[in-house]
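Q: what follows is a predicted structure for the sequence shown.
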Amino acid sequence: MTKGEGIRSTLLPRSSVLLRRLKTLSWLSLLSTVVLGLGFVREIIVAREYGLSADLDTFIAVSGVYLFLGLQMGNALETTVISHWNDLPDRNTSNDFLFTVITCLIFLTIALTGGVLGVFDYGFALLFPNLASTHADSALLIMKIFLAAIVCASISGFLRGVLNKQRVFAPGVVGGAVISVFSIGAVLLFASEYGILALPFGMTIGNIVLMIWYIYLLRKNGLIRVPENWHPNWGLIRAFGAAVVIVLIGEFFYQLYGVSLRSIASRFGAGTISSFYYATSLMLLPLTLIISPLLTVVYPRMTEAFRQDKAVGTRVFIKVSIALVLFSLLAAVCLVLFANELVNIVFVRGEFSVQSGEKTAHILAVIAISLPFLSVNKLGRYALYSISDYKTSVYANFLSLIALLVFSWMLIPSTGIDGLAIAAVLATVVSMAWTILVLRTRILR
């Protein structure tokens, strides 16, 4: 073999692998575009129907419980199962593992949601006193509607992680579209009669359908069946559960950060919580369209790379982080420059007035600055999960919460609502800085 032939034989397999990955990423980006489009349609319909109202503020405030016990628990399960899946030696062990975790999740989420209902009235009045005085009853109804969604969302997150390890990425990407479709339908059909209650109802139905779909896909691949001889590996399950708990503690601090932000925002009058919600939705647009699909593909590969060698994993991390910084920086600049135009095009119609649009665009122009830090922070957290470090994200989210409270206390008296938006950006910077600092220390060991 000549030298040139040797080089070609080395490069061709690498080129083939790269081309395959690019095709996968392009397909996922296309799916994300569809999901994003449906999500935008949902936000437009919600904005037209409810505007910046106290009703929508109430929904967003209560949805924090659904986000934590449902979506964020699901995300914790997803990221943990991806990093632990290689520890399962065969299909029978995998099936016992899946069946055991799902059974435990059903009982756990029912117990947790029951506990939340028991203290809900007190907690809502404590965190949102302005809303509690007029919307306590509707808040409790929204919470009750969300109960089934919480159970299904947590299980779906776990199943999504298993699908990702089978290199089946598309169902996880389009999951948001399923929930958006049912949310849109519920608002269009029932909002005139049931008001804000139509929105959580549609989201709950969407979560139920999504969980059933994921179960069907895994059963089709022979990964979920009722075991004839159930012999769960409790040692493995305890190790998995311990990792999930650590990740979930971090998610708890992250959700506490969101609740604190909404609680402080509620002090600025009706509609302010909704303004931050809409601004954040637009800010996360690039994250949903490009960054999340990229990380969905990269995370399993990065896990394998770090297991092989820290140097290999580090190279993957650096390459992806450079791409993330360049793209997210460009996206942030565009969001800052065209905040008014974007908000007017997307939201200003129906109950969403021009004044509401100006308020939302002003917040968007500030919080958009956090997008590059948010993107790198997410990648850094995945890198730490890849080397079985789940505690750093807990500390990072805790520091983010403390930073939000401290900077809000410092800035709001002099700058008002701008101070809250700036505090949110600075909190993201603090979280990212801690994550990257610890990651660098772990890699250099």
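A: The structure has been received and is ready for your questions.
Q: what's near enough to touch Asn221?
A: By Cβ atoms under 8 Å, 6 or more residues apart in numbering, the contact list for Asn221 reads 166, 168. All C-beta spots, glycine's among them, are computed from the backbone N, C-alpha and C.
Q: what about this structure, any weak spots by pLDDT?
A: Applying pLDDT under 70 to the chain flags the ranges 1-32, 83-93, 169-170, 172, 222-236, 288-294, 296-297, 444-445.
Q: give me the distance between Asp387 and Leu379.
A: One correction, residue 387 is Ile, not Asp. Distance, Ile387 to Leu379, by Cβ to Cβ, to the nearest Å: 14 Å.
Q: ok, these two, which is more surrounded?
A: Between Ile387 and Leu379, Leu379 has the larger neighbour count (other Cβ atoms under 10 Å), namely 25 against 18.
Q: which residues does that one contact?
A: By Cβ under 8 Å, 6+ apart, Leu379 lies in contact with 295, 298, 317, 320-321, 324.
Q: try 7 Å
A: 295, 317, 320-321, 324 (Cβ atoms under 7 Å, 6 or more residues apart in numbering).
Q: same deal with Val178?
A: 206, 209-210 are the contacts of Val178 under Cβ under 7 Å, 6+ apart.
Q: rerun that using 8 Å as the cut-off
A: Counting by Cβ under 8 Å, 6+ apart, Val178 touches 206, 209-210, 213.
Q: so for it, what's the nearest residue that isn't a sequence neighbour?
A: Leu210 (4.8 Å; Cβ to Cβ, 6 or more residues apart in numbering).
Q: before we move on, what about Ser183?
A: Nearest to Ser183 is Gly202, by Cβ to Cβ, 6+ apart, at 3.9 Å.
Q: what do you get for Tyr395?
A: Once flanking residues are discounted, Tyr395 sits nearest to Trp434: 6.4 Å by Cβ to Cβ, 6+ apart.
Q: mind listing what's buried in the strand or helix carrying the one you found?
A: Assigning secondary structure by DSSP states H and E places Trp434 in helix 417-444. Residues 417, 419-436, 438-439, 442-443 are the ones in helix 417-444 that count as buried (16 or more other Cβ atoms under 10 Å).
Q: so Leu36 makes contact with Pro286?
A: No. Counting by Cβ atoms under 8 Å, Leu36 does not reach Pro286; the two are 9.8 Å apart.
Q: contacting residues for the nearest residue to Arg349 once chain neighbours are set aside?
A: With sequence-adjacent residues excluded and distances taken as Cβ to Cβ, 6+ apart, Arg349 is closest to Arg48, at 5.2 Å. Counting by Cβ under 8 Å, 6+ apart, Arg48 touches 349-352.
Q: measure Arg48 to Val41 for me?
A: Taking Cβ to Cβ, one finds Arg48 at 11 Å from Val41.
Q: now do Ser386
A: Distance of Ser386 to Val41, given as Cβ to Cβ: 36 Å.
Q: do Leu147 as well
A: Separation of Leu147 from Val41 (Cβ to Cβ): 26 Å.
Q: tell me which of these two has more neighbours.
A: Neighbour count, other Cβ under 10 Å: between Leu147 and Val41, Leu147 has more, with 20 against 14.
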